[in-house]
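Novice: Sequence isn't available, so here's the structure alone:
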């Protein structure tokens, strides 16, 4: 009888430890996925910030270019009308287009990272659920094994009259 109690107790203890370990691992997987999601969101925000810095730099370079163009026109004695104005307008259009392209690319990349972050978060939830189901299965399987071992060693025979077993 004592051997049966030791076997059943050991099975129960092992089951509890395994179950707790699986629950902790499931939570850790979710936390890891959430950390990855947060990192991707942060990367998306950083891309947008850098894009705005790049847009400002393009604007600054554009002003320098237009200043050089105006200086060149003035040095050559060209009035700021007609073809000279067309050149300046084309320069302004190219600068604005480059700024739009920078913003578009950054927004597209940030959006992609945010979608990936959402997928990471959802994956974390699913990994945690799967781990919890696995822990539940371990717990039930261990309880069944402990009960079978207890029955095999006659732990449930006789005694207080409750409970089943071979003689019930």
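Specialist: Looks like it came in fine. Quick caveat: nothing in here was measured; it's all calculated off a predicted structure.
Novice: which residues of this protein fall in helices?
Specialist: 2-75, 83-152 (DSSP state H).
Novice: tilt between the shortest one and helix 2-75?
Specialist: Going back to what we said before, that points to helix 83-152. Angle of helix 83-152 versus helix 2-75, following axes from the mean of the first three to the mean of the last three CA atoms, to 10 degrees, is 180 degrees.
Novice: what's the distance between helix 83-152 and the middle of its chain?
Specialist: Centroid displacement of helix 83-152 relative to its chain, using CA atoms, centre = their mean, to the nearest Å, is 5 Å.
Novice: Show me the residue sitting in the middle of the protein in space.
Specialist: Nearest to the geometric centre of the chain sits residue 37, at 2.3 Å (CA atoms, centre = their mean).
Novice: That residue and residue 125 touch, don't they?
Specialist: No. Using CB atoms under 8 Å, residue 37 is not in contact with residue 125, being 10.7 Å away. All C-beta spots, glycine's among them, are computed from the backbone N, C-alpha and C.
Novice: circling back: please produce TSV containing the helices of the chain, extended by mean pLDDT.
Specialist: TSV is the format used below for the helices of the chain (pLDDT from 0 to 100):
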stretch	mean pLDDT
helix 2-75	95
helix 83-152	95
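Novice: neighbours around residue 14, how many?
Specialist: As a burial measure, residue 14 scores 14 neighbours (other CB atoms under 10 Å).
Novice: cool, and residue 116?
Specialist: What residue 116 shows, counting by other CB under 10 Å, is a neighbour count of 16.
Novice: Which residue is the nearest non-sequential neighbour of it?
Specialist: Nearest in space to residue 116, with sequence neighbours left out and distances taken as CB to CB, 6 or more residues apart in numbering, is residue 40 at 5.1 Å.
Novice: For residue 151, see how far away the one you found is.
Specialist: 53 Å (CB to CB, to the nearest Å).
Novice: rewinding a little: hang on, the residue nearest to residue 116 packs against residue 118?
Specialist: No. Assessed by CB under 8 Å, residue 40 is found out of contact with residue 118, at 9.1 Å.
Novice: Neighbour count for these two, which is higher?
Specialist: residue 40 (21 against 13).
Novice: ok, now which ones touch the more buried one?
Specialist: 113, 114, 116, 117, 120 (CB atoms under 8 Å, 6 or more residues apart in numbering).
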